[in-house]
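Chemist: This is the structure alone, sequence omitted:
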């Protein structure tokens, strides 16, 4: 079975720009969750998608948005980037309430 | 608001020692508790606990959950340098999101 794949692995953006991160879920998984992990912190829940619908959201502003596609892959979009958005962005897929399988993440640096 | 506290924040031990990592939580709509190991980027799954008092084991690692007292522990016996990592505890609530603690950074000295 293929695991969770994220792209790109690293990204540098300028404050105010927009960014799109991508995630391919593990085969057979229908739920995708996105997490932000700042340096020295645990991952923080951004939102979750199930069957192409948002299924829960953490304390993140509306400029963080997402999509899930019919093949269960997903995108995370962040508009008007701020310096504090610099972090490791992790995508995790699961089948319902089963354990989350994480990708290797995208390291975003905002300068 | 959901809250997860892991202790200690950091731990340095010698190879061969036994360590116990702690995780306490305050929740609503608790479903299960997961432990992950994070070495570089991707957290890798260790255990998923749903019932109190039932120990789960995988080699030198074991974990148990106490749903009455709202905590879990992760034990690692005969530690090896490859066990050096950040260990994350994540209760799973309501809509299946994971709420992570800050993690325990474990360093094993040869």
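Modeler: Great, that's in hand. Bear in mind the structure is a predicted one, so any value in this text is a computation, not a measurement. Numbers count the residues shown, from 1 in each chain, chains lettered A, B, ... in the order given.
Chemist: Quick one: name the residues of chain B near chain A.
Modeler: With CB under 8 Å from any CB of the partner chain as the criterion, chain B meets chain A at residues B:4, B:31-32, B:34, B:36, B:40-45, B:48, B:88, B:90, B:92, B:94-103. Quick note: C-beta positions are derived from backbone N, CA and C, even for glycine.
Chemist: Need the three-state assignment for whichever residue of chain A sits closest to chain B.
Modeler: Proximity of chain A to chain B (CB to the nearest CB) peaks at residue A:42, 3.4 Å away. Three-state call for residue A:42 (DSSP: H, G, I helix; E, B strand; the rest coil): coil.
Chemist: Which pLDDT value goes with it?
Modeler: We have a pLDDT of 94 for residue A:42.
Chemist: OK, contacts around it?
Modeler: Residue A:42 makes contact with B:4, B:88, B:90, B:100-103 under the criterion CB atoms under 8 Å, 6 or more residues apart in numbering or on different chains.
Chemist: follow-up on the earlier one: of the residues of chain B next to chain A, keep whichever come out buried.
Modeler: B:4, B:32, B:34, B:36, B:41-43, B:48, B:88, B:90, B:92, B:95-103 (16 or more other CB atoms under 10 Å in any protein chain shown).
Chemist: now chain B, which segments are flagged as low pLDDT?
Modeler: For chain B, the stretches with pLDDT under 70 are B:94-95.
Chemist: how about the strands of it, start to end?
Modeler: Under the criterion DSSP state E, strands of chain B are mapped to B:3-7, B:10-14, B:19-26, B:30-38, B:44-49, B:56-58, B:61-66, B:71-76, B:85-93, B:104-109.
Chemist: Please apply the same query to chain A.
Modeler: All strands of chain A, identified by DSSP E, fall at A:5-7, A:10-13, A:19-24, A:31-37, A:44-50, A:53-57, A:64-68, A:74-78, A:87-94, A:101-102, A:106-110.
Chemist: Quick one: closest of these to residue B:57.
Modeler: Of all the strands of chain A, it is strand A:101-102 that lies closest to residue B:57, at 21.2 Å by CB to CB.
Chemist: Which other helices and strands does the closest one contact?
Modeler: Helices and strands touching strand A:101-102, by 3 or more CB pairs under 8 Å, 6 or more residues apart in numbering or on different chains; DSSP states H and E, are strand A:87-94.
Chemist: What average pLDDT does the strand it packs on get?
Modeler: 96.
Chemist: which neighbours does it have in its sheet, and in what orientation?
Modeler: The sheet places strand A:87-94 alongside strand A:31-37 (antiparallel), strand A:101-102 (antiparallel), strand A:106-110 (antiparallel), with pairing taken from DSSP bridges.
Chemist: Deepest-packed of those strands, please.
Modeler: Highest mean neighbour count among these (mean count of other CB atoms under 10 Å in any protein chain shown): strand A:31-37, with a mean of 25.
Chemist: Close to chain B: what parts of chain A are there?
Modeler: Close to chain B, as judged by CB under 8 Å from any CB, chain A has residues A:4, A:31, A:33, A:35, A:40-45, A:48, A:55-56, A:58, A:88, A:90, A:92, A:94, A:96-105, A:107.
Chemist: For residue 35, which non-adjacent residue is spatially closest?
Modeler: Looking at chain A here, since you left the chain open. Of all residues not flanking residue A:35 in the chain, residue A:43 sits nearest, at 3.7 Å (CB to CB, 6 or more residues apart in numbering or on different chains).
Chemist: oops, I was thinking of chain B
Modeler: Computed as CB to CB, 6+ apart, the closest residue to residue B:35 that is not its neighbour in sequence is residue B:46, at 4.2 Å.
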